[in-house]
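Asker: How does the following fold in three dimensions:
(2 chains)
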Amino acid sequence: MTSRTVFSSEDIYKALKRISHEVLEALEPGEELLLLGIPTRGVELAQRLLRSIQEIRPATKAELGVLDVTLYRDDVVSATRSIATTTLPPRGLDNYVVVLVDDVLYSGRTIRAALDAIVDNGRPKKVKLAVLVDRGHRELPIRADFVGKNLPTAANERVNVCLLGSDGSDQVVIES
Amino acid sequence: MRHLTSIRELDRDAALAILDLADELAQVNAREVKKLPTLRGKTVVNLFYENSTRTRVSFEIAATRLSADVINISSEVSSVAKGESLKDTAQTLEALGAAAIVVRHPNSGAAKQLAEMGWVQSSIINAGDGSHEHPTQALLDAMTIRQLFSTTDLAGLSVVIVGDLSHSRVARSNILLLNKLGAEVLIAGPAELVPEEMTAMGAKRFEDLDEALASRPDVVMMLRVQKERMASEFASEREYAKNWQLDSRRLNALPESSRIMHPGPMNRGLEISAEAADDPRSAILRQVTNGVSVRMAVLHTLLAADS
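Answerer: A predicted model of the protein is given here:
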């Protein structure tokens, strides 16, 4: 097995910074932002995006949430996979501009599940998608609005996103 | 894990995993759309050879909230009444596409037999077999105690189970699970209704209810008196109530921090006074609510993985 680092901690920092700017640009006056992280890595990415957005524009009305989509998946769920706590703002999802945050966009099935979970929890004004890595191989008509890096991969390769909080360091590695 | 017929099939970690999952699934019951798609396309059959309202309805709601299709079969209105055997009924249900069969049966061991004889591939969930076990009841009780005392396991808590222990599947499952999770289990009931095996299972026996309550238990779990046994096996209702009822005197003596539980249905005025049932310390309705979450967790654990 070979592995190569395709994204350094510097690259991740810059990508998150750029996505933060793009999210702010897309936000219209009066809109309230909700960054919704998909466990596990998406949660930390959402936290870091929020911090960086508030550094850029401290007056931004923005909140953080966690959306577990395990029970909405259409593929086999491992019985031992534990389900993370979904945390949404007290008033629900209505009228927020929701930005779903995940580490890797691949088949699109996780996002499909997330969209279903969102619909069951309320009616946001808009839903957008931010991912650190888009590795292609979509199986559904889904695309990201904000992408850290487009990473052409072969289907048999594995893309591992490591983050400071969960893994101790920031990097993206491709294993094949 | 394919079946759940006894608490003995769960180790401590597996039990805690189900309770954690139940806590997460409880969120869904607070939402406006109380439904998850996870068991879509699967069929759950409730096969009940004994009357039950809350357990059957609870399983039905749990399966429905996970988007499974639910079929209810009770023995009086099915071929069971024509003398069909458990084996034939179960095989027929499986041939009709049942992914899980939730079975309540008057014979101890019926669920285990279904799971182990190789008659069917469906998951078997024991919803009460004779006086043997009622594992989802014990799980929902444990979930309730965890909530009441904000703990992960039940270490350091004492639970006294009161009443007709020998015919109680609720008591058997609870003694096993409470022990596994580290609680101290005390039992109290009429001498002829407390079997020896229970002390061997790890329960400490009291001969007198007042003495048991004087130990200041965290939880008092009252068992239902099966009135149909009253005539043959124990004394009059009045005498039972005098010795074993959670009445107002005992209620007043109970510490403020103690909690009262009952698996239902209650005989108000027999094993529990109306005052105790409606006391602020009573968690009886919370048990019912938690029953749905726990059964969702069990169905998900058994069915979601093997699609």
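Asker: Show me where chain B dips below the pLDDT cut-off.
Answerer: The model of chain B has pLDDT under 70 over residues B:77, B:81, B:229-235, B:305-307.
Asker: what does it put close to chain A?
Answerer: Within chain B, the positions lying close to chain A (Cβ under 8 Å from any Cβ of the partner chain) are B:1, B:17, B:20-21, B:24-25, B:27, B:31-33, B:35-38, B:66, B:300-301, B:304-305, B:307. Placement of C-beta: from N, CA and C, glycine included.
Asker: Just the buried subset of those residues, please.
Answerer: B:1, B:17, B:20-21, B:24-25, B:27, B:36-38, B:66, B:300-301, B:304 (16 or more other Cβ atoms under 10 Å in any protein chain shown).
Asker: quick one: buried residues of whichever helix or strand A:V23 is part of?
Answerer: Secondary structure from DSSP states H and E places A:V23 in helix A:9-26. Buried residues in helix A:9-26, counted by 16+ other Cβ under 10 Å: A:D11, A:I12, A:A15, A:L16, A:K17, A:I19, A:S20, A:V23.
Asker: measure the residue of chain B most remote from its centre to B:L25 for me?
Answerer: For chain B, the largest distance from the centre (Cα atoms, centre = their mean) belongs to B:K82, which lies 29.4 Å off. Taking Cβ to Cβ, to the nearest Å as the measure, B:K82 falls 38 Å from B:L25.
Asker: For A:D120, which non-adjacent residue is spatially closest?
Answerer: B:V33 (4.3 Å; Cβ to Cβ, 6 or more residues apart in numbering or on different chains).
Asker: Would you agree B:S168 is in contact with B:L223?
Answerer: Yes - judged on Cβ atoms under 8 Å, B:S168 makes contact with B:L223 at a distance of 5.1 Å.
Asker: Mutual contacts of these two, please.
Answerer: B:I161 (Cβ atoms under 8 Å, 6 or more residues apart in numbering or on different chains).
Asker: then the helix holding A:V23 to PDB, C-alphas only?
Answerer: C-alpha atoms of helix A:9-26 as PDB (Å, rounded to 0.1, in the frame of the first residue of the first chain):
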ATOM      1  CA  SER A   9      -2.000  21.600   6.900                       C
ATOM      2  CA  GLU A  10      -1.200  24.900   5.200                       C
ATOM      3  CA  ASP A  11      -3.400  23.900   2.200                       C
ATOM      4  CA  ILE A  12      -6.300  23.000   4.600                       C
ATOM      5  CA  TYR A  13      -5.900  26.300   6.400                       C
ATOM      6  CA  LYS A  14      -6.100  28.200   3.100                       C
ATOM      7  CA  ALA A  15      -8.900  26.200   1.800                       C
ATOM      8  CA  LEU A  16     -11.100  26.800   4.900                       C
ATOM      9  CA  LYS A  17     -10.200  30.500   4.700                       C
ATOM     10  CA  ARG A  18     -11.300  30.700   1.000                       C
ATOM     11  CA  ILE A  19     -14.500  28.700   1.700                       C
ATOM     12  CA  SER A  20     -15.300  31.100   4.500                       C
ATOM     13  CA  HIS A  21     -15.000  34.100   2.100                       C
ATOM     14  CA  GLU A  22     -17.200  32.300  -0.500                       C
ATOM     15  CA  VAL A  23     -19.900  31.500   2.100                       C
ATOM     16  CA  LEU A  24     -20.000  35.100   3.200                       C
ATOM     17  CA  GLU A  25     -20.200  36.300  -0.300                       C
ATOM     18  CA  ALA A  26     -23.100  34.000  -1.100                       C
END
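Asker: mind listing the helices for the chain?
Answerer: Since you didn't name a chain, this refers to chain A. A:9-26, A:41-56, A:109-121, A:164-167 (DSSP state H).
Asker: that answer is for a different chain, and I need it for chain B
Answerer: So, for chain B - with DSSP H - the helices run B:12-29, B:54-65, B:86-95, B:110-116, B:135-149, B:169-180, B:196-200, B:209-214, B:227-233, B:237-244, B:248-253, B:274-277, B:284-303.
Asker: Which elements pack onto the fifth one?
Answerer: Secondary structure elements in contact with helix B:135-149, counted by 3 or more Cβ pairs under 8 Å, 6 or more residues apart in numbering or on different chains; DSSP states H and E, are helix B:12-29, helix B:54-65, strand B:123-129, helix B:169-180, strand B:219-222, strand B:259-261, helix B:284-303.
Asker: Any buried residues in that helix, and which?
Answerer: Under 16+ other Cβ under 10 Å, the buried positions of helix B:135-149 are B:135-146, B:148.
Asker: want to throw the residues you listed into TSV with distance to A:V147?
Answerer: Output for those, formatted as TSV (distance: Cβ to Cβ, whole Å):
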residue	distance to A:V147
B:P135	48
B:T136	46
B:Q137	50
B:A138	49
B:L139	44
B:L140	45
B:D141	49
B:A142	46
B:M143	42
B:T144	46
B:I145	48
B:R146	42
B:L148	47
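Asker: For the residue farthest from the centre of chain B, give me its contacts.
Answerer: Per Cβ under 8 Å, 6+ apart, neighbours of B:K82: none.
Asker: any idea how far it lies from chain A?
Answerer: 38 Å (Cβ to the nearest Cβ, to the nearest Å).
Asker: do the same with B:A111
Answerer: B:A111 is 20 Å from chain A, by Cβ to the nearest Cβ.
Asker: Where does the prediction get shaky in chain A?
Answerer: A:76-81.
Asker: For whichever residue of the stretch 101-250 of chain B sits closest to chain A, give the beta-bridge partners.
Answerer: Here the residue of the stretch 101-250 of chain B nearest chain A is B:S123; by Cβ to the nearest Cβ that distance is 11.6 Å. Note on B:S123: beta-bridge partners by DSSP bridges are B:A100.
Asker: which residues touch residue 110?
Answerer: In the absence of a named chain, chain A is used. A:I38, A:V69, A:R73, A:D102.
Asker: Chain B is the one I meant
Answerer: Contacts of B:A110 by Cβ under 8 Å, 6+ apart are B:Y49, B:L86, B:V103, B:D129, B:G130.
Asker: what residues are up against the third one?
Answerer: B:V103 makes contact with B:L47, B:F48, B:Y49, B:A90, B:A110, B:A111, B:L114, B:I124, B:I125, B:N126, B:A127, B:D129 under the criterion Cβ under 8 Å, 6+ apart.
Asker: if I look at the fourth one, how far off is A:R143?
Answerer: Spelled out, that is B:A90. 48 Å.
Asker: now the third one
Answerer: Here the distance between B:Y49 and A:R143 works out to 54 Å (Cβ to Cβ).
Asker: The fifth one too?
Answerer: Here the distance between B:A110 and A:R143 works out to 54 Å (Cβ to Cβ).
Asker: same deal with the second one?
Answerer: Spatial separation of B:F48 from A:R143 under the definition Cβ to Cβ is 50 Å.
Asker: of the two, who's got more company?
Answerer: The neighbour count for B:F48 versus A:R143, taken as other Cβ atoms under 10 Å in any protein chain shown, is higher for B:F48 (23 against 13).
Asker: Next, count neighbours for the nearest residue to B:E184 once chain neighbours are set aside.
Answerer: Nearest residue to B:E184, sequence neighbours excluded (Cβ to Cβ, 6+ apart): B:S158, at 4.3 Å. Residues lying near B:S158 (other Cβ under 10 Å) number 19.
Asker: In contact with residue 157, which residues?
Answerer: Unless you meant another one, I'm taking chain A. Per Cβ under 8 Å, 6+ apart, neighbours of A:E157: A:I174, A:E175, A:S176.
Asker: not quite, I wanted chain B
Answerer: B:I145, B:F149, B:T151, B:G182, B:A183, B:E184, B:D218, B:V219.
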